[in-house]
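# sequence unknown, structure follows:
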DNA sequence: TTGACATAGTTAGCTGGCTAATTATAAGCT
DNA sequence: AGCTTATAATTAGCCAGCTAACTATGTCAA
């Protein structure tokens, strides 16, 4: 994803506003800030996980499995919960299987389905990663008071509910 | 990037808190919400750009070029401003060159450097894309009052300044 | 001046996203 | 039973990120 290291300053935005008078500089700044903070945090998380030879995609799959009472799920359910295509999930599971963090086997009922289970090694990997993860997230968010944290979430949710405005149609405004 | 479609609910977080007592559920929820909103907006932007056969990486390069008075820069400067490696920039420029949205030529001075310029076609592409982009960003942020918008940015900046906590060391806390 | 180091860009090979097509199996109709 | 349609997973091939290694060129100091 775009890293947006170099958010335009007011001068540059003004130049663009000359070309594109519909630009609302305040909105653009806030939007780009949100994208940048999100991508920077995501990258920071990736760097942390990389110490354990994990990346976000694979780590998230292990977490999804750990949520299950029997530590088991199927590729298509995992794909949906992780928000990736089934093809992508196939690739993630291949990698996890190579490292023996999961195992796959056929279920009894539907012979199209494959069952995916967290192995003891996979659980051990999570036990290595998670305490440091929680510690870092706590430290990160400690900069906000509880009230600020809840307000942030409320503001983010509001924007999130508006994301459909990017979904084409209605250029007529 | 991870899509985080399925943020854990309180029940699941409690289960994890049993395993990992250092977990601060409030912090984790806020952190994951931030990541999710960022990635969803990024994806929404990508979908909008895809209508014009652009993606964020290439679109951002065109914008960086348009900022320059002579519409010209070099691959390494563009890479730094876009926050990607020079290798990645080479690939992005290859794609833009294929579509004739930019042109490349050698400068006089340093024969290692290559100059990259926005072409008329590239400018025309931006003129297609930008009005709708600004319109959508405005609509997105209209959900917030001006005060809320500024508060959001302030909260995001605070968190952003704390992102170093993911940079390893200091597990001792 | 020439040897060492630095810098600009590319290439190769990896990861992890995607869509579209393919294979196998299941389910439902007639 | 046999068709059609739907679903589960994989494969192939694309894009865009990365690091490491390489080529070419520039810089600087002995």
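On my side now, so go ahead. These numbers were taken from a predicted model, which means no experiment stands behind them.

# Now chain A against chain B: closest residue?
residue A:38 (2.0 Å; Cβ to the nearest Cβ). Placement of C-beta: from N, CA and C, glycine included.

# Count the neighbours of that residue for me.
25 (other Cβ atoms under 10 Å in any protein chain shown).

# Skipping adjacent residues, who's closest to it in space?
Excluding its sequence neighbours, the residue lying closest to residue A:38 (Cβ to Cβ, 6 or more residues apart in numbering or on different chains) is residue B:38, at 2.0 Å.

# Okay, buried residues for stretch A:85-99 please.
Residues A:89, A:92, A:93, A:96 are the ones in stretch A:85-99 that count as buried (16 or more other Cβ atoms under 10 Å in any protein chain shown).

# list the helices and strands the helix or strand containing the first one packs on?
For residue A:89, the enclosing helix or strand under DSSP states H and E is helix A:86-98. Judged by 3 or more Cβ pairs under 8 Å, 6 or more residues apart in numbering or on different chains; DSSP states H and E, helix A:86-98 is in contact with helix A:56-67, helix A:75-82, strand A:102-106.

# how about that helix, does it get close to DNA strand D?
Yes. Helix A:86-98 lies within reach of DNA strand D by Cβ under 7 Å from any atom of the strand, at A:86, A:87, A:89, A:90, A:91, A:93.

# Please identify the buried residues of the longest helix seen in chain A?
Among the segments of chain A that qualify as a helix by DSSP state H, the longest is helix A:25-50. Neighbour counts over helix A:25-50 (16+ other Cβ under 10 Å) mark A:26-46, A:48-49 as buried.

# now do stretch A:12-28
Buried residues in stretch A:12-28 (16+ other Cβ under 10 Å): A:13, A:16, A:17, A:20, A:23, A:24, A:26, A:27, A:28.

# Am I right that the residue of chain A closest to chain B is in contact with residue B:43?
No. Counting by Cβ atoms under 8 Å, residue B:43 is not a contact partner of residue A:38; they are 11.2 Å apart.

# mind checking how far whichever strand or helix holds residue A:18 is from the chain centre?
Assessed by DSSP H and E, residue A:18 sits inside helix A:10-19. In this view, helix A:10-19 has its centroid 32 Å away from the chain centroid, taken as Cα atoms, centre = their mean, to the nearest Å.

# Now for chain A, the helix or strand with the poorest mean pLDDT.
helix A:10-19 (a mean of 80; mean pLDDT, DSSP states H and E).

# and that one, what does it pack onto?
helix A:25-50, helix B:56-67, helix B:120-141.

# Does the last one reach chain A?
Going back to what we said before, that points to helix B:120-141. Yes. Counting by Cβ under 8 Å from any Cβ of the partner chain, chain A has neighbours in helix B:120-141: B:127, B:130, B:131, B:132, B:134, B:135, B:136, B:137, B:138, B:139, B:140, B:141.

# what residues does that helix touch?
Contacts with helix B:120-141, where a contact means Cβ atoms under 8 Å, 6 or more residues apart in numbering or on different chains, come from A:16, A:19-20, A:22-24, A:26-28, A:30-31, A:159, A:162-163, A:165-166, A:171, A:173, B:41, B:48-49, B:52, B:54, B:59, B:62-63, B:65-66, B:71, B:96, B:99-102, B:149.

# quick check: angle from that helix to helix B:25-50?
140 degrees (axes from the mean of the first three to the mean of the last three Cα atoms, to 10 degrees).

# tell me the mean pLDDT for helix B:120-141?
Mean per-residue pLDDT for helix B:120-141: 93.

# and residue A:61, how many neighbours does it have?
Residue A:61, neighbours per other Cβ under 10 Å, totals 28.

# Same check on the one 3 residues further on?
Other residues near residue A:64 come to 19 when the count uses other Cβ under 10 Å.

# repeat for residue A:9
10.

# Where does the prediction get shaky in chain A?
A:1-7, A:108, A:168-173 (pLDDT under 70).

# Let's see that with 50 instead.
A:170-173 (pLDDT under 50).

# which bits of it sit near DNA strand D?
Going by Cβ under 7 Å from any atom of the strand, the residues of chain A near DNA strand D are A:1-3, A:74-77, A:86-87, A:89-91, A:93, A:104, A:110, A:112-114.

# Please list which of the residues you listed also come close to DNA strand C.
A:87, A:91, A:110, A:112.

# out of those, what pair is the most spread apart?
Farthest pair in these (Cβ to Cβ) is A:91 and A:110. Separation: 22.5 Å.

# and residue A:88, what is it in contact with?
A:57, A:79.

# from what I can see residue A:95 touches residue A:58, true?
Yes. Using Cβ under 8 Å, residue A:95 is in contact with residue A:58, at 6.0 Å.
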